[in-house]
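Chemist: Predicted model and sequence follow; I will ask about them next.
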Amino acid sequence: MDFLQLFLELAQSTIRLSTPLILAALAGLFTERAGVFDIGLEGKMLGGAFAAGTVAFIAQSAMAGLLAAVVVSILLSLVHGYASITQRGNQIVSGVAINFIVAGSTVILGEAWFRQGGRTPALAEAARFQEIDLPFAEALRGVPLIGPIYADLISGHAALTYFAFLMVPVTWWILYRTRFGLRLRAVGENPGAVDTAGISVVWMRYRGVICCGILCGVAGAYLSLAANAGWTKGMTAGKGYIALAALIFAKWRPVPVMFACLLFGFLDAFAIRYQGTPLPLVGKVPVQLMQALPYILTVILLAGFIGKAIPPKAGGVPYVKER
Amino acid sequence: ADIKPAIIYDLGGKFDKSFNEAAYNGAEKFKAETGIGYRDFEIANDAQREQALRRFAGDGNNPIVMAGFSWAATLEKIATEYPDTKFAIIDMVVDKPNVRSVVFKEEEGGWLAGILAGMASKTKTVSFVGGMDIPLIHKFACGYIGGAKSTGPEVKVLEAYTGTTPDAWNDPVKGAEIAKSQFDQGSDVVYHAAGGTGVGVLQAAADAGKLGIGVDSNQNGLHPGKVLTSMLKRVDVAVYDAFKTANDGTFEPGINVLGLKEDGVGVAIDENNASLITDEMKAAIEKAKADIIAGTVTVHDYMSDENCPY
Amino acid sequence: MSVPYAKLPGWVEYGLIPLVNLIVAFMVAGLVVLVVGESPLEAAYHMVNGAFGRGEYIGFTLYYATTFIFTGLAVAVAFHAGLFNIGGEGQAYVAGIGVALACLWLDRIMPWYVVFPVAILGAALFGAAWAFLPGWFQAKRGSHIVITTIMFNFIAASLMNYMLNRVMKPLGSMSLETRTFDTGGQLPKLDWLMKIFGLSVGTSPFNVTFLLALAAAFGVWVLIWRTRLGYEMRTMGHSPAAARYAGIKEARIIVITMMISGALAGMMALNPIMGETYRMQLDFVQGAGFVGIAVALMGRSHPAGIIPAAILFGVLYQGGAEISFEMPSISRDMIVIIQGLVILFAGALEHMFRPAITAAVLAFSGRERTEAAVKGA
Amino acid sequence: MGELAIELKGIDKSFGLVHANRDINLQVRKGTIHGIIGENGAGKSTLMSILYGFYQADSGEILVDGRPVQIRDPNAAIAAGIGMVHQHFMLVENFTVLENVMLGAEESRILNAGIAKARAELKRLEKEYALEVNPDAVIEELPVGLQQRVEILKALYRKADILILDEPTGVLTPAEADHLFRILEQLKAQGKTIILITHKLREIMAITDEVSVMRRGEMVATRETDKTSVEELAELMVGRRVLLRVQKGEAQPGDVKLSVSNLTVRDSRGVTMVDNVSFDLRAGEIVGIAGVAGNGQSELLEAIAGIRRAVSGSVALNGEAIDVTGHADPAELRRRGLAHVPEDRHHVGLVLKFEESENAILGYHDDPKYRRGLLLDIDAIRADAEEKIEKYDIRPPNTRLKTANFSGGNQQKIVLAREMERDPDVLIIGQPTRGVDVGAIEFIHKRIIEMRDQGKAVLLVSVELDEIRALSDRILVMFAGRIVGERGPDATEGELGLLMAGVEGRKEAAE
Ligand SMILES: Nc1ncnc2c1ncn2[C@@H]1O[C@H](COP(=O)(O)OP(=O)(O)OP(=O)(O)O)[C@@H](O)[C@H]1O
Ligand SMILES: Nc1ncnc2c1ncn2[C@@H]1O[C@H](COP(=O)(O)OP(=O)(O)OP(=O)(O)O)[C@@H](O)[C@H]1O
Ligand SMILES: [Mg+2]
Ligand SMILES: [Mg+2]
């Protein structure tokens, strides 16, 4: 088996699997850096995926679907924001609640509108994000090494994938190079300082939450419009929690977030690829072990190499100045 | 007076893109034909099995159909409590005087699907995507593998399972990813028995210009011309029959084993995939079908010894 | 003026406010019912009647509550030491194996009252063991407990799947479950308890595990507020620096706390396995671990709050089931939405009506107390 | 000179049931330094926070330069030219000085542009007011003194002409304090108005033009500084006479209780904070360690108390070695007769969320007398707490009250009571009276002397030079982690000041 070939295949699969994780984890980064924790990523993604599938089908346009996903996901974020910022409620409870509500309502609405049982109608090409071939991909393919890498790895992904990877430096830039970023980080560390500097803590946090909504929406749209042709019930299948883990793994920093997600993606791709095929030394391992492998390795890596992860100081705590 | 039929689904829920949904379709068909309504219920956890079943029996629903092998233990109990109620259970045998047990020879259907796959494959590599690694799914897989390999010794069959949590049945993204990885490994026909996950598998095949094979109900229509065939498991028929016979008072308890002979399993050939099925494929499956019915070929039943010789 | 945070009399704090929140929660849920063109009142009736209408219904409600008391306590105990254990799901899973092993080993030769203690031990040990590693990694390697516990949930699922597939499943059986236990592995129902109130459990799986849960709740209260260990846990939870100053061994507390938490989560397994199905089925946990998070937080991590919160969820589950029995057009998923709404309004939005209520209360009690307070300060 | 910079009319504020400010009127004249004093919890911070828009008054009116203004949030205050240095700093710890200064005044959406300007401006302020601080230093790595500088810079950067400082000198050495006062004078000279909250009457007398006294949420008096006296103010503040200088007799040093030799300690970043320090502490004497905050005193205390590991050296308690370089166990040390009053009561000495009685046993919770079998004996614990509340006059006298709701002074008393009542052999105390009002200071000082007279060995670390001089029998001066000199209690502030600044310390240590 040509090694380069194998590498390329694994790498492609890795990228596909990481894309939604990167988007969701970056989404989490925005709220949690603003001091609002969110285990509702799962729900927002699912809600987004559903909206995307629905609208894309009706409007026969991927863009419309994407837009809808973002809008719905933002609305859900605002609910979370209202509960945890305005009402100073418990952020974890609010997140759990949103996951429940979305899980239930998507199925109900989907069935009510399309009668296809827990899924939206399969989307036509036009209503999905197609894989884009970058210029010269074919031409360059012949070139040894870089040719295939460019043609098969860099090129040929859905627009949202490029968007996801683009968002990594963008997020970094926003966070560390803009006024918004400065204030966002500050409000997650010490809201008192932000408040006394004459900035509205509440509004800052809402903005963080909204950013989260946008990215979760895109993540959802990726699931139903790029990775798939439509929404199916519970299609996030726990990705929200993995994204959360990646976020912590990366200590709430954009670039590491990308690498953490790529790692999860790779381990997953690896497990998929080598299921049932005997491995060197160990031989044929039970499917279940193979499927647990990514998680086991994560734990080992975490315990072995990644030091303590210190969350934003004010994270999870509602801002109350008059107790 | 009309009968009061009822059906209770398994945890997967009515719309699992798999046998629960097939069962639902059967009930709907009955309703459409006879105009007789029916009650149905989706349990949310195991504790509700007994509750729901007893509740339905208590309310005088009759017959009551249960989709899924997990119902066996509960039914054992309730069937004796309500001797006058007719019960039917799918995918499992419960030996009671008022229970009809319907089990399928998935392996036989799988065998035919395997033959088509083997013959349609140019790379001589075909693959299978299961939802969770459980016996029932192995039953599907084993027949398929056998069938595929029966078309030539050189045929290779890849086999993979989606996951170990209930999500494994609702993860089209991962389903698609598994399929793609199998294509990378040379497969050009992929057969799924993975409920909602399969939606992703068939999609991936369609996108990659490979062939998919549907399961349970006829999924050829999902991607016309890109789904080689669907391995039919006529759960819908089983449910329909239970209702129908009860309605004409001909409901027979006992064990129904539905295989090719009984048309309980099979492969779907319709306008959606006509273009993909060559005449010699047709011939091949007709022959295989005849052999199996005649008993000259027996397809190994995974459940008999929980392993697959092929 | 920041009235919202005035100290309130207990009956308002723990009685009136939660009640108002609940009522609102159900009113909003009612809207959902209205949307699908059904009568909210009827639904409400079935919810309440379905949860309390008969001995049997109460039995079901309390059966679910039992499970949630355990998982809720598990989360709460960890919270007190400043740890967020979302691994309840996995810990319960693995504990199930402990319970099953105990039963498979003894059910034919021993009566339940011998098997039960062994099974409790099994559940506690396996659950604790599964929580030990995350705790240990956090303590020694600083790896974040939230990730590790999430990972361990997935690993547990695989382990469970393997065990049932290849080890514990009787040959030739379709479903991933152990054989059905003999009488030794079947817990008696709490008929006598119900009889006291002139009710009968009927067919509900309301069993002795409930008493164990109550005992556990009391045990947790004692542990947290009446023992040195609990004191040390709380100190660490509030202020690690103070804990170090007080000579409290952080690593030790983390590990012990996680193991206690895991053991509690694990005991949840007794309820469905020995009390209901009399065998271990693949997905017997069914999200109880996550519901436990909501239960613990809504119960303010105090047993006295966790028990009612757990019962509330029992009501949602059982009452919800009844609704979908009685009102076919309201499906299982509708119930999930309603649960979500209740968590949202009774949990996350608990402060929403506080200002109004407090203002009202203050209006009564007047300002004298104010003067007193300041003289004090 | 007559017109008012600030006028507050009938300001009223309640926190829930706590009436923090009641019908307060205050007039601050332009271009003056106006002092505000009052006991802990008197309502000073609240009042100022209202003026700064951090809290909203329930009723009342605010006039700036004679014009009534609505100050709904700090933004409005800043716009009105008001700046505030908060008692508990409002800094983002993991940000640089520059970022903290810029926060909220970034000029443009993209930082870079603003950064350049901010740097330049900081340079200017540095020159003008001699406020040196490295703009790229991270806050959490700066000593408190410098952190406060950053707070002041923040205010100046925002061009405040009315500057509020809430207990600024609490964290400063005399030298630093004097420096601060020079800056304040300078600002005053430029026509800016300053409101200074402090517990220290000496400072009031030193630089204020007028002083207002608060007690229990009310404004009880306003005086022209040169027409009043320390005694009068103290009395107005506390509501009774207080003696400001503690009497104490000669020390009778006994045998060595604590001996520290060649102790070296590094902090988390590996910087050497305590450098080869040796000294003996005898029964019946108070040894004071003077020094500018951040010169290793804190680390020294922590190492001795067993909560920070030393890299080398040894410490003996009652002649037996403490495993300071290994796993010294604070609980163990307590049993061996070492009591420790930590510098940071809010985070180390107390758990603010605990009931008073729970804090009263922190560190001693495994003492058999608080136990009944496996359980804690709550009754015993509360009874014990009652006693201490009684004896130390902790207010409010309520063992069930959350510790966060006690004022700093009372919080401090809770810690002192806990540690002193164990009748230890050795008592090490950090900053006993930081942020504590005169009434409480008087009491605390008395107790410390009593301990000495009972033959305890007391090691006292304080940045308050007065305090050191008032209490100590011997004074050690720490600079850059080393002990640069020893003096008697009669040493002048001047010579100690020089040592603390490390000026002549070097030669001496070299000798
Ligand atoms: N954030 C708050 N929430 C609730 N009550 C508060 C708050 N801050 C102050 N209080 C109450 O208001 C009263 C006045 O507090 P304040 O901080 O103004 O006193 P202070 O004079 O600044 O005390 P100190 O001299 O110790 O700083 C306190 O007794 C307290 O009960
Ligand atoms: N969040 C709060 N809740 C209740 N009371 C508070 C709160 N913050 C401050 N207080 C009260 O305000 C008064 C003074 O508050 P402050 O924080 O100024 O304490 P302090 O006396 O200044 O202590 P320190 O000098 O150590 O800061 C105290 O009575 C304290 O209990
Ligand atoms: Mg103050
Ligand atoms: Mg103070």
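Modeler: On my side now, so go ahead. Numbers count the residues shown, from 1 in each chain, chains lettered A, B, ... in the order given. Ligands and ions are numbered 1, 2, ... in the order given.

Chemist: Residue 125 - how many residues pack around it?
Modeler: By default, I'm working from chain A. Here the neighbour count serves as a burial measure; for A:E125 (other CB atoms under 10 Å in any protein chain shown) it reads 9. To be clear about C-beta, it is placed using only N, CA and C from the backbone, and glycine gets the same treatment.

Chemist: wrong one, I was asking about chain C
Modeler: 17.

Chemist: Tell me who's in contact with C:L16.
Modeler: C:I357 (CB atoms under 8 Å, 6 or more residues apart in numbering or on different chains).

Chemist: and C:D333, how many neighbours?
Modeler: Other residues near C:D333 come to 25 when the count uses other CB under 10 Å.

Chemist: Equivalent analysis for D:H340, please.
Modeler: Counted with other CB under 10 Å, the neighbours of D:H340 add up to 26.

Chemist: List phi and psi for it.
Modeler: When read as degrees, to the nearest 10, the backbone of D:H340 gives phi -140, psi 120.

Chemist: Return the set of residues that bridge with it.
Modeler: Beta bridges link D:H340 to D:I428, judged by DSSP bridges.

Chemist: how about it, what does it touch?
Modeler: With contacts taken as CB under 8 Å, 6+ apart, D:H340 has the following neighbours: C:245, D:301, D:304-305, D:330, D:333-334, D:419, D:427-429.

Chemist: what's the helix or strand for D:E93?
Modeler: Of the helices and strands defined by DSSP states H and E, none includes D:E93.

Chemist: how many neighbours does it have?
Modeler: One way to gauge burial is a neighbour count; for D:E93, by other CB under 10 Å, it gives 16.

Chemist: From D:E99, how far out is the residue lying closest to it once chain neighbours are set aside?
Modeler: Computed as CB to CB, 6 or more residues apart in numbering or on different chains, the closest residue to D:E93 that is not its neighbour in sequence is D:E140, at 4.2 Å. Between D:E140 and D:E99 the distance, using CB to CB, to the nearest Å, works out to 13 Å.

Chemist: and these two? which has more neighbours close in?
Modeler: Per other CB under 10 Å, whichever of D:E140 and D:E99 has more neighbours is D:E99, with 22 against 11.

Chemist: The stretch 251-400 of chain D: strands as residue ranges?
Modeler: Ranges of strands within the stretch 251-400 of chain D are D:256-266, D:272-282, D:286-290, D:312-317, D:320-322, D:338-341, D:371-372, D:375-376, based on DSSP state E, counting those that start in this stretch.

Chemist: C:V24 is nearest to which of these?
Modeler: When those are ranked by proximity to C:V24, the top entry is strand D:375-376, at 39.6 Å, counting by CB to CB.

Chemist: any idea of the mean pLDDT for the strand or helix carrying C:I254?
Modeler: For C:I254, the host element (DSSP H and E) is helix C:250-267. Along helix C:250-267, the predicted confidence averages to a pLDDT of 97.

Chemist: Including mean pLDDT, could the strands of the stretch 251-400 of chain D go into CSV?
Modeler: Putting the strands of the stretch 251-400 of chain D into CSV (pLDDT from 0 to 100) gives the following:
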stretch, mean pLDDT
strand D:256-266, 95
strand D:272-282, 94
strand D:286-290, 95
strand D:312-317, 94
strand D:320-322, 92
strand D:338-341, 95
strand D:371-372, 90
strand D:375-376, 93
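
Chemist: Format these as TSV; extra columns: distance to ligand 1.
Modeler: As requested, the strands of the stretch 251-400 of chain D are exported to TSV (distance: least, CB to the nearest ligand atom, whole Å):
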stretch	distance to ligand 1
strand D:256-266	31
strand D:272-282	29
strand D:286-290	24
strand D:312-317	34
strand D:320-322	35
strand D:338-341	18
strand D:371-372	34
strand D:375-376	29
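
Chemist: how about those strands in JSON lines, adding distance to B:R100?
Modeler: Written out in JSON lines, the entries for the strands of the stretch 251-400 of chain D read as follows (distance: least, CB to CB, whole Å):
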{"stretch": "strand D:256-266", "distance to B:R100": "80"}
{"stretch": "strand D:272-282", "distance to B:R100": "83"}
{"stretch": "strand D:286-290", "distance to B:R100": "91"}
{"stretch": "strand D:312-317", "distance to B:R100": "85"}
{"stretch": "strand D:320-322", "distance to B:R100": "82"}
{"stretch": "strand D:338-341", "distance to B:R100": "80"}
{"stretch": "strand D:371-372", "distance to B:R100": "66"}
{"stretch": "strand D:375-376", "distance to B:R100": "62"}
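
Chemist: Can you select the buried ones among the contacts of D:H340 for me in PyMOL?
Modeler: Typed into PyMOL, the line below selects the buried ones among the contacts of D:H340, using 16 or more other CB atoms under 10 Å in any protein chain shown:
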select buried, (chain C and resi 245) or (chain D and resi 301+304+305+330+333+334+419+427+428+429)
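
Chemist: Closest one of the contacts of D:H340 to ligand 3?
Modeler: For the contacts of D:H340, the closest approach to ligand 3 (CB to the ion) belongs to D:I429, at 22.4 Å.

Chemist: A helix includes C:G202, no?
Modeler: No - the assignment for C:G202, made by DSSP: H, G, I helix; E, B strand; the rest coil, is coil rather than a helix.

Chemist: Any figure for the gap between B:F19 and C:I147?
Modeler: From B:F19 over to C:I147 the distance is 37 Å, taken as CB to CB.

Chemist: Spell out which residues of chain D are next to chain A.
Modeler: Contact residues (CB under 8 Å from any CB of the partner chain) of chain D with chain A: D:15-16, D:52, D:54-55, D:73-75, D:77-78, D:84, D:86, D:90-95, D:99-100, D:102-106, D:108-112, D:114, D:154, D:404.

Chemist: Nearest residue to residue 16 in space, please, no chain neighbours.
Modeler: All of this is about chain A. In this structure, A:R16 finds its nearest non-sequential neighbour in B:E177, 6.4 Å apart by CB to CB, 6+ apart.

Chemist: nope, chain B please
Modeler: B:G195 (4.8 Å).

Chemist: Tally up the residues packed near that neighbour, please.
Modeler: The number of residues packed around B:G195, counting by other CB under 10 Å, is 30.

Chemist: Could you measure from it over to B:K17?
Modeler: The span separating B:G195 from B:K17 equals 5 Å under the rule CB to CB.

Chemist: Likewise for A:F180?
Modeler: A:F180 sits 44 Å away from B:K17, going by CB to CB.

Chemist: could I get stretch B:193-208 in CSV with only the CA atoms?
Modeler: Presented in CSV, the C-alpha positions along stretch B:193-208 are these (Å, rounded to 0.1, in the frame of the first residue of the first chain):
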residue,chain,number,x,y,z
ALA,B,193,-27.5,-2.2,8.3
ALA,B,194,-27.2,0.8,10.4
GLY,B,195,-30.6,2.6,10.7
GLY,B,196,-30.2,6.4,10.4
THR,B,197,-26.5,6.0,10.0
GLY,B,198,-27.1,4.3,6.7
VAL,B,199,-28.6,7.4,5.3
GLY,B,200,-25.0,8.8,5.4
VAL,B,201,-23.6,5.6,3.9
LEU,B,202,-25.9,5.7,0.9
GLN,B,203,-25.3,9.4,0.5
ALA,B,204,-21.5,8.9,0.5
ALA,B,205,-21.8,6.2,-2.1
ALA,B,206,-24.0,8.4,-4.3
ASP,B,207,-21.6,11.3,-3.9
ALA,B,208,-18.5,9.1,-4.7
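
Chemist: Show me how far it is from its chain's centre.
Modeler: Once both centres are worked out by CA atoms, centre = their mean, to the nearest Å, stretch B:193-208 turns out to sit 16 Å from its chain's centre.

Chemist: Strands of the stretch 1-150 of chain A, residue ranges please.
Modeler: Counting by DSSP E, counting those that start in this stretch, the stretch 1-150 of chain A forms strands over residues A:131-132, given from the N-terminal end onward.
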